[in-house]
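1. Have a look at this prediction, sequence included:
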Amino acid sequence: FIIDAIVVAASGFFLGEQVVLYTLIAIIIGSWVIDLVAEGLNIRKAVTIISDKQEELAVVLTETLGRSATIIHGHGYYTKQDKNMLYMIVDKRQVAPLKKIVEVTDPRAFVVIHQVKEVIGEGFSYPSR
């Protein structure tokens, strides 16, 4: 998208502002459709949070986002200390509020967000039989 936009903007001197505007709109819509086809409508993210404030984060996140969480016990190799990891599957739209909540609750938290291909289970879709 960025490369297309740069090319169209650079050609604006030759094509005129109106053509550039319509072309940029077409590029934006095209990019959106490509993302929609590639990712589908039901985009989920897996979030792993390593923090010293797991219980507090779990309470706030599950109440705010309406999603359950799993606490996974682990052991830090570098620190040699037991650590808990909070694992959640959230909707794409819930990622921004989740990051804000984590930042406010524990600015030192380590957060990893993964793209999820498919989620099957309680609270999510089951394959049709």
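-> Great, that's in hand.
2. mean confidence for the strand with the most length in the chain?
-> Using DSSP state E to define each element, the chain has its longest strand at strand 82-91. Taken as a whole, strand 82-91 has an average pLDDT of 91.
3. Stretch 29-42 now?
-> 78.
4. now stretch 120-129
-> According to the model, stretch 120-129 has a mean pLDDT of 64.
5. Could you say which helix or strand holds the residue sitting furthest away from the middle of the chain?
-> For the chain, the C-alpha farthest from the mean C-alpha position belongs to Phe14; by C-alpha atoms, centre = their mean, that distance is 39.1 Å. Taking DSSP states H and E as the criterion, Phe14 maps to helix 12-15.
6. Could you name the helices and strands sitting against the longest strand of the chain?
-> strand 44-50, helix 54-65, strand 70-75 (3 or more C-beta pairs under 8 Å, 6 or more residues apart in numbering; DSSP states H and E). For glycine as for every other residue, the C-beta is placed from the backbone atoms N, C-alpha and C.
7. CA atoms of the helix holding Phe14 as CSV?
-> Extracted in CSV, the C-alpha atoms of helix 12-15 (Å, rounded to 0.1, in the frame of the first residue of the first chain):
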residue,chain,number,x,y,z
GLY,A,12,0.1,13.6,-9.1
PHE,A,13,1.9,16.4,-11.0
PHE,A,14,1.0,14.7,-14.2
LEU,A,15,-2.4,13.3,-13.5
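8. What's the first helix or strand after that helix?
-> With DSSP H and E setting the assignment, the helix or strand that follows helix 12-15 is helix 17-39.
9. May I see the buried residues of that next one?
-> Neighbour-count burial for helix 17-39 flags 20, 23-24, 27 (criterion: 16 or more other C-beta atoms under 10 Å).
10. Then stretch 81-98?
-> 84-86, 88-90, 94-95, 98.
11. Dump the buried residues of helix 17-39 to TSV, plus distance to Gln54.
-> Converted to TSV, the buried residues of helix 17-39 look like this (distance: C-beta to C-beta, whole Å):
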residue	distance to Gln54
Val20	51
Thr23	49
Leu24	45
Ile27	43
